[in-house]
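Enquirer: A structural model of the following input is requested.
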Amino acid sequence: MDAIVNAANKVLEHASGLAGAIVKEGGKIIQQESNDLFYKNNGKPFPDGTVVVTGAGKMACKFVFHAVGPVWPGSRKTEPTLYTVQEDIDLELCISNSIKEAEARQLKSLSFPAISSGIFGYPKERCAVVLFNAVEKHFLKNDSIKTLQEVRFTNFDDKTVDIFEAEFKKRYGDSN
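Expert: Numbering: from 1, shown residues only. The predicted model follows:
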């Protein structure tokens with residue numbers, strides 16, 4: 001992949017989970033660059049949907065896109081409300097802003113995790129739907145030449161993989 005997306009928090013602290021694994025694999029330079037970006041933002045938390053870019057350190061990809069995902073409201077795990085609509089919008093922004101960054105850098109491949117569906121509590125099934133919709137929206141647009149040719153959803157836990165696979169089969173069938 002030319003770039004991978006990290007599910008980031010608002011202050012770009014990459015201490016655990018996917019973010020911690022990225023820093024462990026790529027090196028402390030990724031955290032250092034993230035700290036620089038945070039301080040360039042006057043030490044203010046980044047809004048949900050924001051994507052900032054660092055190098056990839058020792059990893060094989062060129063960039064890490066740190067997407068600030070929404071935190072799911074704990075008391076509203078199943079019922080759609082005004083608040084969940086905003087979380088869906090913010091999650092879609094993570095995807096569309098990551099794709100814009102990839103296109104701006106003329107990258108050909110990009111890998112997404114299930115942003116916000118871990119410790120941020122976003123329902124995994126809903127996450128899959130929002131992520132697939134956002135990627136499809138980009139590729140169905142006819143308004144520009146696209147350099148991005150490959151998008152992967154890369155998840156490491158069986159439950160999330162099964163959910164994303166089910167969403168894929170629902171949309172495209174078993175043959176793909």
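Enquirer: tell me how far residue 35 lies from residue 84.
Expert: Look at residue 35 and residue 84: by C-beta to C-beta, to the nearest Å, they are 32 Å apart. (Each C-beta comes from the backbone N, C-alpha and C, glycine too.)
Enquirer: which helix runs longest in the protein?
Expert: helix 82-104 (DSSP state H).
Enquirer: buried residues, that one. List them.
Expert: Within helix 82-104, the residues scored as buried using 16 or more other C-beta atoms under 10 Å are 84, 87-88, 90-99, 101-103.
Enquirer: name the nearest of the residues you listed relative to residue 134.
Expert: Closest to residue 134 out of the buried residues of helix 82-104 is residue 95 (3.6 Å), distances taken as C-beta to C-beta.
Enquirer: put the alpha carbons of the longest helix of the chain into CSV.
Expert: Provided in CSV are the C-alpha atoms of helix 82-104 (Å, rounded to 0.1, in the frame of the first residue of the first chain):
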residue,chain,number,x,y,z
LEU,A,82,-29.6,13.1,15.6
TYR,A,83,-26.3,12.3,17.3
THR,A,84,-25.6,9.1,15.3
VAL,A,85,-26.3,11.0,12.1
GLN,A,86,-23.4,13.4,13.0
GLU,A,87,-21.1,10.4,13.8
ASP,A,88,-21.9,8.9,10.4
ILE,A,89,-21.1,12.2,8.7
ASP,A,90,-17.8,12.5,10.7
LEU,A,91,-16.8,8.9,9.9
GLU,A,92,-17.5,9.4,6.2
LEU,A,93,-15.3,12.6,6.4
CYS,A,94,-12.5,10.4,7.7
ILE,A,95,-12.8,8.3,4.5
SER,A,96,-13.3,11.1,2.0
ASN,A,97,-10.6,13.3,3.5
SER,A,98,-8.2,10.3,3.4
ILE,A,99,-9.0,9.7,-0.2
LYS,A,100,-8.5,13.4,-1.0
GLU,A,101,-5.1,13.2,0.6
ALA,A,102,-4.2,10.1,-1.4
GLU,A,103,-5.4,11.7,-4.7
ALA,A,104,-3.5,14.9,-3.9
